[in-house]
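S.K.: Everything below, folded, please.
(chains A, B, C, D and E)
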Amino acid sequence: MFLGKVIGTVWSTKKDEKLVGAKFLIVRKLDLDLNEKSDFVIAVDSVGAGEGEVVLVATGSSSRQTHFTQDKPIDAVIMAIVDKLDISIKQLLEDNADA
Amino acid sequence: MFLGKVIGTVWSTKKDEKLVGAKFLIVRKLDLDLNEKSDFVIAVDSVGAGEGEVVLVATGSSSRQTHFTQDKPIDAVIMAIVDKLDISIKQLLEDNADA
Amino acid sequence: MFLGKVIGTVWSTKKDEKLVGAKFLIVRKLDLDLNEKSDFVIAVDSVGAGEGEVVLVATGSSSRQTHFTQDKPIDAVIMAIVDKLDISIKQLLEDNADA
Amino acid sequence: MFLGKVIGTVWSTKKDEKLVGAKFLIVRKLDLDLNEKSDFVIAVDSVGAGEGEVVLVATGSSSRQTHFTQDKPIDAVIMAIVDKLDISIKQLLEDNADA
Amino acid sequence: MFLGKVIGTVWSTKKDEKLVGAKFLIVRKLDLDLNEKSDFVIAVDSVGAGEGEVVLVATGSSSRQTHFTQDKPIDAVIMAIVDKLDISIKQLLEDNADA
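M.R.: Numbering: from 1, shown residues only, chains lettered A, B, ... in the order given. This is a model prediction of the structure:
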């Protein structure tokens, strides 16, 4: 999975019939300091994520494994909303030493 | 999914028998300002997309989940035509502050 | 799918038993002007493609959806030979304006 | 698979119901000298990996092939903890000659 | 598939139970002149490949299509040992003209 932030919504009227009711969110990728990268994907929401929230996105066939997304023609799903990241103190010290 | 724009068509006579009738469209990737990137993919159309339209493309096994593309040897499908993007005001302000 | 050009063949005697009879072609990726990129993949041929031909390549699980490649341990298949590309006049004018 | 190092944990309360009990670990990619790259993924643990350990991560549909991850909407799993790498002497000599 | 060279082995005691007996090889990607790139993957061997050999690697769900790798949580398999590459004379002339 990758770490992302919901920054918007894609609206579509004409779409595959299986996608009626699907919410397409724009998710920007984040680094470990939660800074936004330029990369983004359009992912279907399965957990009620809202704008500004930090989320996990699963891609590929795994994105069809939630109750809502089963058998749908989509390749990215938001399957978790992130509360916090725990990064080991040792790691942070090493990162600072490198910087 | 990624955001793309239909810019042309690929014509093929000699192809896998399951692909008779498939329409191969050339789709260029777009950034969030709808500027075209240099990357492109060839995707099968499942929603009647035309040249110049902004679309969503699903890749991998998910591209075989529409009624038309089922069991076909293709790895990218246009499964939605985009009406508009909603990006939060807060996000736009941040982007401008960065620029 | 991506656009590619067949430039050679890979010969292998010792291979998975399901791959006896498979023809492994070297396919270089092309840009929209049909210039070769440095990237290449080894793909199994399912349509009788020959050296120098422009082809479409499908990757991942979709590469196992042709009659010949079913259930085989391969991740790229040539599933169409390209006759021509149609790119809209409007697009070409824009590209020239950018250049 | 890629070689990675566990550097932290992602905590999530609101997630797909199939993911209750899943442990999301932050895994940074490593090069062959075990130096950390900037790339990272969030992977589900299936082998009891802890912080600081060097692991193998499988991605895509293959990440759903462990007993614990079956049918879950995840696209990366830690499926092995690495004891050591054996790289041939010949290879190391060549690498040194290049440097 | 991509072209690679086996340069070493990954040893792991603690791994998913389906992986007992699997041989994890370190495979570096090669260009068409058989020069090693910096990229590498860890792949399971299904054809008895040894160090220094040039091989083909299939990734994703296709890596589970050999007799030995079926249903295993792995995303890369060595499914062929390469005897030689045939690249067309015309292609080589063009490459030299470019250089």
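S.K.: which ones are touching A:Q70?
M.R.: Counting by CB atoms under 8 Å, 6 or more residues apart in numbering or on different chains, A:Q70 touches A:R64. Every C-beta, even on glycine, is put in place using the N, C-alpha and C of the backbone.
S.K.: I'd like the distance between A:L34 and chain B.
M.R.: From A:L34 across to chain B, the span is 13 Å (CB to the nearest CB, to the nearest Å).
S.K.: who's the nearest residue to that residue once chain neighbours are set aside bridged to?
M.R.: Spatially, and ignoring its direct neighbours in sequence, A:L34 is nearest to A:V54 (6.6 Å; CB to CB, 6 or more residues apart in numbering or on different chains). According to DSSP bridges, the residues that bridge with A:V54 are A:K5.
S.K.: so is the residue of chain A found nearest chain E in a helix, a strand, or just coil?
M.R.: The minimum distance from chain A to chain E, using CB to the nearest CB, falls at A:S61 (7.5 Å). Under DSSP: H, G, I helix; E, B strand; the rest coil, the three-state class of A:S61 is helix.
S.K.: Based on its surroundings, how many neighbours for it?
M.R.: 23 (other CB atoms under 10 Å in any protein chain shown).
S.K.: which residues touch it?
M.R.: B:G60, B:S61, B:S62, C:S61, D:G60, D:S61, E:S61.
S.K.: which one of the residues you listed is nearest C:A76?
M.R.: Among the contacts of A:S61, C:S61 lies closest to C:A76 (CB to CB), at 11.2 Å.
S.K.: element containing the most centrally placed residue in chain A?
M.R.: Most central in chain A under CA atoms, centre = their mean is A:V57, positioned 3.4 Å from the mean C-alpha point. Per DSSP states H and E: A:V57 is located in strand A:54-59.
S.K.: and the helix or strand following that strand, anywhere near chain C?
M.R.: Remark: after strand A:54-59, the chain's next helix or strand is strand A:76-81, criterion DSSP H and E. No: applying CB under 8 Å from any CB of the partner chain, one finds strand A:76-81 separated from chain C by no less than 15.0 Å.
S.K.: got the angle for strand A:76-81 vs strand B:54-59?
M.R.: Interaxial angle, strand A:76-81 versus strand B:54-59 (axes from the mean of the first three to the mean of the last three CA atoms, to 10 degrees): 80 degrees.
S.K.: sorry, back to before: ok, the residue nearest to the centre of chain A - contacts?
M.R.: By CB under 8 Å, 6+ apart, the residues touching A:V57 are A:M1, A:F2, A:G4, A:V27, A:V41, A:A43, A:A76, A:V77, A:I78, A:M79.
S.K.: and those near chain B, which?
M.R.: Okay, of these touching chain B (CB under 8 Å from any CB), that's A:V41, A:A43, A:A76.
S.K.: Give me the neighbour count for the residue nearest to A:L34.
M.R.: A:V54: 20 surrounding residues under other CB under 10 Å.
S.K.: Wait, it touches A:K5, no?
M.R.: Yes: the criterion here is CB atoms under 8 Å, and A:V54 meets it with A:K5 at 5.5 Å.
S.K.: what residues are shared contacts of the two?
M.R.: Residues touching both A:V54 and A:K5 by CB under 8 Å, 6+ apart: A:L30, A:L34.
S.K.: Do the helix or strand of chain A with the lowest mean pLDDT and chain D come into contact?
M.R.: Lowest on mean pLDDT, DSSP states H and E among the helices and strands of chain A sits helix A:89-98, with a mean of 70. Yes: using CB under 8 Å from any CB, helix A:89-98 reaches chain D at A:K90, A:Q91.
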